[in-house]
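S.K.: Have a look; sequence and predicted model below, questions after that.
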Amino acid sequence: MLHPTERPYQVFALEEGTWEESTSKMSHLQVVPILVNEVAEEEALLDSGLQIVSTTQEVVAANKITWDPLLSIQLQSANGSLSRTCGLAKNVLFILGDMTVLLQAYLMDVAPYKILLGRPFDTITESTIVNNCKGNQTINIMCPNTGARVVIPTYKQGLLPRKPEFLAHFQ
């Protein structure tokens, strides 16, 4: 029985497994497959807290992208450390599903990601992320030119599905 000054509240519980097992399943970073410069598919990490789009020198070199080394900025990480970018790759062609987006990407010498999609991506595509209690996530994006919308599933970092090699010959 509740005291007159107390209010009832609803408790939500996970369906299966322990709290530790469920939170560890959900704590993996989620990525989307993104075709870069019509050359290769890379993993793109979604980070709405980042004020830029960022990639590595390894990705730009592998995808035949040029950059301006004079357009470098200093970044402060969430932990307070400072680092300088290696320059800016202008109008990089990114394709997500059927959607093509041109973005300005700052280059990092080394990073724990391939591509980091920050607020500029969110703003241009009017993206929304939909999560469910099982840890699955999709991203809904809109083409800025046509208004077409697409839903893209996310995957755990390092676990993007790949097409078998033999299928490449039939496309």
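M.R.: Now that the structure is in, tell me what you want to look at.
S.K.: what's the average pLDDT for stretch 101-118?
M.R.: Per-residue pLDDT over stretch 101-118 has a mean of 92.
S.K.: now stretch 74-82
M.R.: Averaged over stretch 74-82, pLDDT sits at 82.
S.K.: tell me how far the ends of that stretch are from each other?
M.R.: Using Cα to Cα, to the nearest Å, the end-to-end distance of stretch 74-82 comes out at 7 Å.
S.K.: Looks to me like residue 121 is in a helix.
M.R.: Yes: assessed by DSSP: H, G, I helix; E, B strand; the rest coil, residue 121 belongs to a helix.
S.K.: which non-adjacent residue is nearest it?
M.R.: Distances taken as Cβ to Cβ, 6 or more residues apart in numbering put residue 53 closest to residue 121, at 5.8 Å, once the chain neighbours are dropped. Bear in mind the C-beta positions are built from the backbone N, C-alpha and C, glycine included.
S.K.: Give me the phi and psi for that neighbour.
M.R.: Main-chain dihedrals, residue 53, degrees, to the nearest 10: phi -100, psi 140.
S.K.: wait, isn't it in contact with residue 123?
M.R.: No: with contacts counted by Cβ atoms under 8 Å, residue 53 stays clear of residue 123, the gap being 10.7 Å.
S.K.: which of those two has more neighbours?
M.R.: Neighbour count, other Cβ atoms under 10 Å: between residue 53 and residue 123, residue 53 has more, with 24 against 11.
S.K.: Tell me the predicted confidence for the more buried one.
M.R.: 94.
S.K.: Tell me how far the residue nearest to residue 121 lies from residue 129.
M.R.: Per Cβ to Cβ, to the nearest Å, residue 53 is found 16 Å from residue 129.
S.K.: Ok, residue 104 next?
M.R.: Distance of residue 104 to residue 129, given as Cβ to Cβ: 22 Å.
S.K.: Repeat that for residue 141.
M.R.: Going from residue 141 to residue 129 by Cβ to Cβ gives 10 Å.
S.K.: more crowded one of those two?
M.R.: Between residue 141 and residue 129, residue 141 has the larger neighbour count (other Cβ under 10 Å), namely 23 against 14.
S.K.: tell me which element the more buried one falls in.
M.R.: In this assignment (DSSP states H and E), residue 141 forms part of strand 137-142.
S.K.: and that strand, C-alpha only, in CSV?
M.R.: Listed next in CSV are the C-alpha coordinates belonging to strand 137-142 (Å, rounded to 0.1, in the frame of the first residue of the first chain):
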residue,chain,number,x,y,z
GLN,A,137,19.0,0.4,-34.4
THR,A,138,18.0,1.9,-37.8
ILE,A,139,18.7,5.4,-39.2
ASN,A,140,16.1,7.2,-41.2
ILE,A,141,17.5,9.7,-43.7
MET,A,142,16.1,12.0,-46.3
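S.K.: Great, nothing more from me.
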